[in-house]
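Student: sequence first, then the predicted structure:
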Amino acid sequence: MRAADASTRKRARDDGDARASSPSTRDEDALWNEKFAAYYAEQRVCATTADHAAMMAAFRRPLPLTFRLNASAALVGSTLRRLEGEVLPALGDGRDAAAPKCAEWYPNRLAWQIDLSQGMSLKTSDSVAVRGLHAFLKTATETGALTRQELVSMIPPLFLDVEPGHLVMDMCAAPGSKTSQLLEMLHEASGPSETPRGVVVANDASLQRANLLTHQCKRSNSPALIVTNHQAQLFPILHDAKGKKLRFDRILADVPCSGDGTLRKSPDLWRKWNASSGVDLHTLQLEIATHALRLLDVGGRLVYSTCSLNPLENEAVVAALLKRAGGAVELVDVSKSLPKLKRRPGMKLWKVGDVFGWHNSFEETGTKRQKTIAKTMFWEASYEQFPLERCVRIFPHLDDTGGFFITVFEKKGELPAEMEATPAVDANTTYRMERANAEWNEKKRVAPVMRVHDAEIVKNIKKHFGVKEDKHLDLSSGLMTRQHSDLAGVTPKRLYYLSQGARDVLTALTKNGKNAGLQVVACGVRAFERQIVSNVDCAYRITQEGLGTVLPHLSKQIVRVRASELETILARQQDESTASRSTSRTSSDNVPEEITHEKSIKNINNVSDGCVILVPKAKSQEHEREASALAVACWLGRGARGKSLSVLASKTSGEQLLYQLRDCIARKTVG
Ligand SMILES: C[S@@+](CC[C@H](N)C(=O)[O-])C[C@H]1O[C@@H](n2cnc3c(N)ncnc32)[C@H](O)[C@@H]1O
């Protein structure tokens, strides 16, 4: 056992004591826990006393505001220009914030860090620049262009190396910041006009948190998302119709943990932390990681991560897993990935301690304590063979972040039989899992898991919108609903589109060909919505959320308009005063008043009433993608004032689209 060096610990605290120089808005005395400092000095998570002191000092400083722009958003360029050109320069004089920093290790300048002056509230600040930042963050977040996320939390998905066809599982996913990042990666890798073949299954044991995740990830408008509610360590083993195991290519196990790396964000932890914090979850973490390896395909990657510093939740879990797997998995050396990320290697040696003190071995630990202390927590000589230095440790003083731990595994072969054996499940749970589909997915109707059986519904949509199907869009098998569409007289309210991978998971079975009992909270993207109007020959309209998926496949009901015409329509939705209505119209006016150019008039006369998609004219072929990303779903109807167009997108989406349209007009990419 290593001797605790009291003087080292004292120095660590003294060197790290930032209280004298800190502003007084936070209760600085509350930002310290002697036992925490001593525990980690003894564990030697930092190699030197000075490093330990720097870590402790950094933990006492508030965390900067951080966010990430969505890389797969077609107009990410315009969001970045707005950020770098308007929002950040306004903060420029240093009064409200230190100079904003772009995280250099994150691809394409998409991750940012802003250190607001202490005590400054985004919402209620007196500063116009800070309120401008708040408004930007709010709109961009609501429209899915941006995610507020801690920098360290952005690392695990980057190490997963996701490809478009991958079946991806996020085992402990709520509230979902990493899930949305994974979805973005799946879409970005697929290309602009293609639906990814793969899926991200986002699971969480808490139904309440799974619902929160659904809400967060709705902004991704992705047909490749399934949200489930299972204990990750009991997630059903899935099989296809031929009885072959359906395994995942990529798995993220961002497991529940003591969270002591988040002290900067959650100062309450200073008071709550004790030496048993890292002990309580070790066994669950190991069970979740073990099951992750069962669900993973050979050749696949598992990323295990925690926001804890504690080796009992980190290296001890990794080493026990490697031992169990007996050579079937290896640690991936990611030292060359994200080269600008400041990191430290994993620990090769650790100790087991809790509120009762340090324990030399499992056998020496009293029976009372053995209830919480597990054998797998203890370091063993056989672990020397494992390259645990390949684990990645992030400390708050390295790059002004929280603390974090990440490990990347690759499955090289089948697991040993005793590890492969599905965890013992009691009869109640088996019964519940078998009944789950009926209970969850039909009676409660919480998720759109029923196929649209009525072929007429699909045929009608395809005909009305001139849908050209291919491997990226297959409405006949990809549309799902919450209601049985095969019952007489039922026209489901909403139709959701699911990627091929999402459908494969949703229809998967148990080994014996029974219903796999997936408890599905949400899935797919809402693509069509019922809107029955007497003179319109299709009972469904396209939603703005679904446009990204279906637009590349439509040949009818698309209207090319001038960018200025679309600008007027969107400005009117925002009640902009310049967009005033003309008063001289009558019901005989056959063209909406915003459509004034000859060619646009011809185009709008070529579509039938009902749902139409307005797309601004691209200035050249190379700007077609930008123009398509500005497409707006509208309703073309007739009222007392003649023909009119109303925007179907929400007002917030309209605001973002209007900003992006104006950006494209200024850059002359649409006209
Ligand atoms: C560290 S948080 C995950 C954060 C998330 N990955 C993100 O980036 O937003 C851990 C999550 O695990 C969930 N959880 C706890 N026990 C679980 C279990 N046995 N199986 C699955 N999820 C569990 C919690 O509800 C919590 O949402």
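Tutor: That came in fine, so what should we check first?

Student: quick one: residues contacting the most centrally placed residue in the chain.
Tutor: Nearest to the geometric centre of the chain sits S180, at 1.9 Å (C-alpha atoms, centre = their mean). Neighbouring residues of S180 by C-beta atoms under 8 Å, 6 or more residues apart in numbering: N70, G144, T147, Q216, C217, R219, S220. The C-beta positions use only the backbone N, C-alpha and C, and glycine is treated the same way.

Student: pretty sure A189 sits in a strand.
Tutor: No: applying DSSP: H, G, I helix; E, B strand; the rest coil, one finds A189 to be helix, outside a strand.

Student: now it. Nearest residue, chain neighbours left out?
Tutor: Closest residue to A189 apart from its sequence neighbours, by C-beta to C-beta, 6 or more residues apart in numbering: P164 at 4.5 Å.

Student: so that neighbour touches S190, yeah?
Tutor: Yes: taking contacts as C-beta atoms under 8 Å, P164 lies within contact range of S190: 3.9 Å.

Student: overlap in contacts of the two?
Tutor: With C-beta under 8 Å, 6+ apart as the test, P164 and S190 both reach P196, R197.

Student: contacting residues for whichever residue of the stretch 351-500 of the chain sits closest to the ligand?
Tutor: When scored by C-beta to the nearest ligand atom, the stretch 351-500 of the chain has F404 as its residue closest to the ligand, at 10.7 Å. For F404, the contacting residues are V152, S153, I155, G261, S305, T306, C307, R393, I394, by C-beta under 8 Å, 6+ apart.

Student: with I461 instead?
Tutor: Applying C-beta under 8 Å, 6+ apart, the residues contacting I461 are V467, L475, L495, F528, C538, Y540.

Student: for S644, what are phi and psi?
Tutor: For S644, the backbone dihedrals are phi -140, psi 160 (criterion: degrees, to the nearest 10).

Student: number of nearby residues for it?
Tutor: 19 (other C-beta atoms under 10 Å).

Student: my guess is it contacts R638. True?
Tutor: Yes: counting by C-beta under 8 Å, S644 touches R638, with 7.3 Å between them.

Student: before we move on, the earlier item: between the contacts of I461, which is nearest S653?
Tutor: Distances from S653 to the contacts of I461, taken as C-beta to C-beta, are shortest for F528 (17.2 Å).

Student: for I251, which residues make a bridge with it?
Tutor: M169, L302 (DSSP bridges).

Student: if I look at it, how far off is V329?
Tutor: Look at I251 and V329: by C-beta to C-beta, to the nearest Å, they are 12 Å apart.

Student: which one's more surrounded, these two?
Tutor: Neighbours per residue, other C-beta under 10 Å: of I251 and V329, the larger number sits with I251, 28 against 23.

Student: can you pull the contacts of that one?
Tutor: Listed by C-beta under 8 Å, 6+ apart, the contact set of I251 reads V168, M169, D170, M171, A292, L295, L296, G300, R301, L302, V303.

Student: going by neighbour count, which of the residues you listed comes out on top?
Tutor: Neighbour counts for the contacts of I251 (other C-beta under 10 Å) peak at D170, which has 32 neighbours.

Student: got the confidence number for it?
Tutor: With respect to pLDDT, D170 scores 98.

Student: that one touches Q181, doesn't it?
Tutor: No: assessed by C-beta under 8 Å, D170 is found out of contact with Q181, at 9.6 Å.

Student: helix, strand, or coil at E418?
Tutor: Following three-state DSSP, E418 is assigned to helix.

Student: ok, it to S382 distance?
Tutor: Between E418 and S382 the computed distance is 17 Å (C-beta to C-beta).

Student: thinking again about what came up before, surely the residue nearest to the centre of the chain is in a helix?
Tutor: Yes: S180: assigned to a helix according to three-state DSSP.

Student: got the contact list for N33?
Tutor: Counted by C-beta under 8 Å, 6+ apart, N33 has contacts W270, R271, W273.

Student: which one of those is nearest to the ligand?
Tutor: For these, the nearest to the ligand is W273 (16.4 Å; C-beta to the nearest ligand atom).

Student: from G261, how far off is the closest one?
Tutor: Counting by C-beta to C-beta - W273 and G261 are separated by 11 Å.

Student: show the buried residues in the contacts of N33.
Tutor: If you count burial by 16 or more other C-beta atoms under 10 Å, the buried members of the contacts of N33 come out as W270, W273.

Student: and the contacts of N33, which of them are in strands?
Tutor: Taking DSSP state E, every one of the contacts of N33 sits outside strands.

Student: can you list the contacts of N33 in CSV and add pLDDT and distance to V520?
Tutor: Shown next, in CSV, are the contacts of N33 (pLDDT from 0 to 100; distance: C-beta to C-beta, whole Å):
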residue, pLDDT, distance to V520
W270, 96, 40
R271, 94, 39
W273, 96, 37
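
Student: any chance of the contacts of N33 in CSV, plus distance to R197?
Tutor: Shown next, in CSV, are the contacts of N33 (distance: C-beta to C-beta, whole Å):
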residue, distance to R197
W270, 47
R271, 49
W273, 45
